[in-house]
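**Student:** what's the 3D shape of this:
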Amino acid sequence: MNLSLSIPAERYGQALADTLLMVGVSGTAALLAGIPLAVLLIVTAPGGFLASPRIHRGVGSVVNGFRATPFIVLLVALIPFTRIVAGTTIGVWAAIVPLSASATPFFARIAEVSLREVDKGLIEAAQAMGCRQWHIVRHVYLPEALPGIVGGFTITLVALIGASAMAGAVGAGGLGDLAIRYGYQRFDTQVMVVVIAVLIALVTVVQSAGDFFVRRLRDR
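**Tutor:** Presented below is the predicted three-dimensional model:
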């Protein structure tokens, strides 16, 4: 008995659009929140120009807590908060809330590593010239760490593509939802193969674009 279903091309297009929306919005949120978090972790760390062990430990503990929580668990745990923010717990916009909460600390730690690798001599030289703390962050830390930050953001986007597909298992929409509802539950192998191929292509495009920009930044 053939249980395979024919899926219109429009359904694939809509699923891809939903996935891109989830990844795009949550990736932007992670970028806008992750860099300030990384900067805060760097400047409040021991030896930083705003060294504060209490703040550093507190922020680090929150970041580690979110990073240690599996995405599927975080998705369920944030349901009450998601309902407040998005007004619903189902659909693309409901998935964006836990996706952002998961990606932000992940990206923050990657950006922190890049910022930590900035030559200390440059920081000391900027301080010796009387640069203000904000100027040091803006004109020394961020420009010097930019290739690493871009590379880390690329990794974050790739992780978000996988997480968005996982969110489809709980009705978030996108390619993951299409694969679960039609590929798995209705035994349509063709749908599953197409979704996997599209996800691989999407990851390849994102990774290639990220690698290109990193190379350009390092060749400056």
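**Student:** pLDDT weak spots in this protein?
**Tutor:** Judged by pLDDT under 70, the chain has its weakly predicted residues at 1-6, 8, 169-170, 183-185, 188.
**Student:** just checking, what packs against the top helix by length along it?
**Tutor:** If you go by DSSP state H, the chain has its longest helix at helix 9-43. Packing partners of helix 9-43 (3 or more Cβ pairs under 8 Å, 6 or more residues apart in numbering; DSSP states H and E): helix 53-68, helix 92-116, helix 142-167, helix 174-178, helix 189-218. Using the backbone N, CA and C atoms, a C-beta is placed for each residue, glycine as well.
**Student:** Flag every buried residue along the last one.
**Tutor:** For helix 189-218, the neighbour count (16 or more other Cβ atoms under 10 Å) marks Val191, Met192, Val194, Val195, Val198, Leu199, Leu202, Val206, Gly210, Phe213, Val214 as buried.
**Student:** between that helix and helix 142-167, how many degrees?
**Tutor:** If you take axes from the mean of the first three to the mean of the last three Cα atoms, to 10 degrees, helix 189-218 sits at 180 degrees to helix 142-167.
**Student:** in the longest helix of the chain, what counts as buried?
**Tutor:** For helix 9-43, burial by neighbour count (16+ other Cβ under 10 Å) applies to 12, 15-16, 18-19, 21-23, 25-27, 29-31, 33-35, 37-43.
**Student:** neighbouring contacts of stretch 28-40?
**Tutor:** Under the contact criterion Cβ atoms under 8 Å, 6 or more residues apart in numbering, stretch 28-40 has outside partners 55, 59, 63, 96, 100, 103-109, 111-112, 114-115, 137, 141-142, 149, 153, 156, 160.
**Student:** where's that stretch relative to the chain centroid, distance-wise?
**Tutor:** Distance of stretch 28-40 from the chain centroid (Cα atoms, centre = their mean, to the nearest Å) equals 10 Å.
**Student:** ok, now stretch 35-53?
**Tutor:** 21 Å.
**Student:** got the CA coordinates for stretch 30-47 in CSV?
**Tutor:** Output in CSV follows, covering the C-alpha atoms of stretch 30-47 (Å, rounded to 0.1, in the frame of the first residue of the first chain):
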residue,chain,number,x,y,z
ALA,A,30,21.2,36.8,19.3
LEU,A,31,23.6,39.3,17.5
LEU,A,32,22.1,42.3,19.1
ALA,A,33,22.1,40.8,22.6
GLY,A,34,25.0,38.5,22.4
ILE,A,35,27.7,41.1,21.6
PRO,A,36,26.9,43.3,24.6
LEU,A,37,26.8,40.2,26.8
ALA,A,38,30.2,39.2,25.5
VAL,A,39,31.6,42.6,26.1
LEU,A,40,30.2,42.7,29.6
LEU,A,41,31.8,39.3,30.4
ILE,A,42,35.2,40.6,29.1
VAL,A,43,35.3,43.9,30.8
THR,A,44,34.1,42.6,34.2
ALA,A,45,36.4,39.6,34.1
PRO,A,46,39.5,39.6,36.4
GLY,A,47,42.0,42.0,34.7
